[in-house]
Structures are given as C-alpha cells and as structure tokens.
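K.L.:
Return atomic coordinates for the entry below.
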Amino acid sequence: MTGAALQREGPNPGPDIREYAMNPLGPVLIVLLLPISAIGLLLYTDTGIEPALFTATVKTFVALFAIAGILSYGASRLAARSEG
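P.N.:
Residues are numbered from 1 along each chain as shown. This is a model prediction of the structure:
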C-alpha cells in the first residue's frame, strides 16, 4: 500500500493512518497481564506464601516490562531512522 492509499477519502482527508499506529507491546502486555495477575492474586491470598515472594513477583514483572518497553522504543527509533 502506498501512503496515498492509507489516507482517508473525502473533502477533509485527515491525518495519515500511520500516525495512529499502536505500539505492538500493548496487546502483548494485555495477554501476559491476565495470567500474571491471577498468579499474583493467588500468591497474595495464599496464607502459606510469604509476602516477600509476592513483592518479588511484582518487582520482577515491573523490571521486565520496563526492559521490554525500552527495547520496543529502541526498535521503533531504529525503524524510523531506517525509513527516512
């Protein structure tokens, strides 16, 4: 598809659709967040699990998400640089 094919038709064509491209990390986060939330809830409500384990689980998820975000941002910057 060319850039012209991605624009809306009509008297006010509006912005290019590519301006609204979603970060691919969003849907992946949603898919991963559901089972991780369920596991976290079980760890939090189970009386045999230490609270430190739940805290470590949350910290690990936050750290991995931050690393994934940094990698995604870096990849998008590299892709933008190679386009033009």
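K.L.:
Straight-line length of stretch 39-53, end to end?
P.N.:
12 Å (C-alpha to C-alpha, to the nearest Å).
K.L.:
Do a quick rundown of the helices in this structure.
P.N.:
Secondary structure of the chain (DSSP state H): helices at 25-45, 51-83.
K.L.:
Could you export the ones you listed as a markdown table, including mean pLDDT?
P.N.:
Shown next, in a markdown table, are these (pLDDT from 0 to 100):
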| stretch | mean pLDDT |
| --- | --- |
| helix 25-45 | 80 |
| helix 51-83 | 84 |
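K.L.:
Can you add mean neighbour count and give these back as TSV?
P.N.:
Where C-beta positions appear, they are placed from N, C-alpha and C, glycine not excepted. Listed next are these as TSV, based on neighbours: other C-beta atoms under 10 Å:
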stretch	mean neighbour count
helix 25-45	12
helix 51-83	11
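K.L.:
can you pull the contacts of the residue lying closest to residue 43 once chain neighbours are set aside?
P.N.:
Spatially, and ignoring its direct neighbours in sequence, residue 43 is nearest to residue 54 (4.6 Å; C-beta to C-beta, 6 or more residues apart in numbering). Shown in contact with residue 54 (C-beta atoms under 8 Å, 6 or more residues apart in numbering): 40, 43, 44.
K.L.:
now the last one, nearest residue through space, not along the chain?
P.N.:
If you skip the residues right next to it in sequence, residue 44 has residue 54 as its closest partner in space, 5.1 Å away by C-beta to C-beta, 6+ apart.
K.L.:
Could you measure from the one you found over to residue 72?
P.N.:
Using C-beta to C-beta, to the nearest Å, residue 54 is found at 27 Å from residue 72.
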